[in-house]
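Engineer: Fold the following for me, if possible:
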Amino acid sequence: MSKERPTVGTDGKPLPTLPPERDARVWARLVRVMFYTPGFLALLLLKTGEPAGFGITVELFMLTSAAAVVGGLFVASQSDGRGADHSSWTGVWSGSLVFELLAGVPFLCAVPPLFHELANSTLLHAKAPDAVNIALGASELLPAVAILPFMIYQLAGFGTLHFVVSRPVNWAINLAILALIIASNVANRQAAYGVEKKLVGLLVLGMAATVFYGVLKLRQMQADYDRRCPPKESK
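Structural biologist: Here you go, the predicted structure:
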């Protein structure tokens, strides 16, 4: 069993609650998945061209792919050996924050309108003269169900954001994510693409600001932890 972390510093005050140690190899494998899959989908939609509803979806997929590369850079900076500093000790945590908010959230936002456009596009599949038009109806919402386990991941303490902000702020951020994703998808269904772009832009800016704050906060927490609970010298 792994040893328990100290909870009280040398000054008698509580130490920051840091995220648990995570396997960097798992996050490194995730880089490939989050880079190639959205990137391939984006190139496929660009080659297809129309319809107009693909516009913001392509941008979200490209953001997911690019964020995966940045997340991989953070994970690759992880080091616990000689010369390691507060930044390198928090590399995996910072990378996971990038994956969760700048790769995962845009991907979840892009999938439902992607499915809707693919299912209804007349450019991708021409209808036969004698074909029966069967509306998908509520089944079109099935890809959006993926947002629910993501909410559980975030709110049940699995996510890195749980360790960076207070519980009320964590709930507020994730409820805002859910609301903006739902609102942007509704705007897409109503062909209000201008409104959709504004909502998605607000979502992405919010995630970028949260990641910026979270990475700096993690480094500050690690520095505070080491200052008040110096690591023991290895024999």
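Engineer: how far does the longest helix that the chain contains sit from the chain's center?
Structural biologist: Across the chain, the longest stretch assigned as helix under DSSP state H is helix 193-228. Relative to its chain's centre, helix 193-228 lies at 11 Å (C-alpha atoms, centre = their mean, to the nearest Å).
Engineer: which ones are touching the residue nearest to residue 64 when sequence neighbours are not counted?
Structural biologist: Nearest residue to residue 64 in three dimensions, chain neighbours excluded: residue 38, at 4.0 Å (C-beta to C-beta, 6 or more residues apart in numbering). To be clear about C-beta, it is placed using only N, CA and C from the backbone, and glycine gets the same treatment. For residue 38, the contacting residues are 60-62, 64-65, 68, 107, 110, by C-beta atoms under 8 Å, 6 or more residues apart in numbering.
Engineer: Same question for residue 144.
Structural biologist: For residue 144, counting by C-beta under 8 Å, 6+ apart, the contacting residues are 111-112, 181, 185.
Engineer: Could you do residue 188 as well?
Structural biologist: Taking C-beta under 8 Å, 6+ apart as the criterion, residue 188 is in contact with 53, 56, 112-113, 116, 196.
Engineer: Those residues in helices, which ones?
Structural biologist: 56, 112-113, 116, 196.
Engineer: Can you tell me which of these is nearest residue 215?
Structural biologist: Among the ones in helices among the contacts of residue 188, residue 56 lies closest to residue 215 (C-beta to C-beta), at 26.2 Å.
Engineer: Would you agree the closest one is in contact with residue 192?
Structural biologist: No: contact criterion C-beta atoms under 8 Å: residue 56 and residue 192 do not qualify, at 11.4 Å.
Engineer: More neighbours: the two, which one.
Structural biologist: Set residue 56 next to residue 192 and count neighbours by other C-beta atoms under 10 Å: residue 56 wins out with 21 against 14.
Engineer: The more buried one: what's it in contact with?
Structural biologist: Neighbours of residue 56 in contact, by C-beta under 8 Å, 6+ apart: 110, 113, 184, 188, 193, 196-197, 200.
Engineer: re the thing from before, tell me which strands and helices the longest helix of the chain is in contact with?
Structural biologist: Helix 193-228 makes packing contacts with helix 54-76, helix 86-89, helix 91-98, helix 105-120, helix 161-164, helix 167-189 when contacts are defined by 3 or more C-beta pairs under 8 Å, 6 or more residues apart in numbering; DSSP states H and E.
Engineer: Check the model's average confidence along stretch 141-149 for me.
Structural biologist: Summarised as a single mean, pLDDT over stretch 141-149 is 82.
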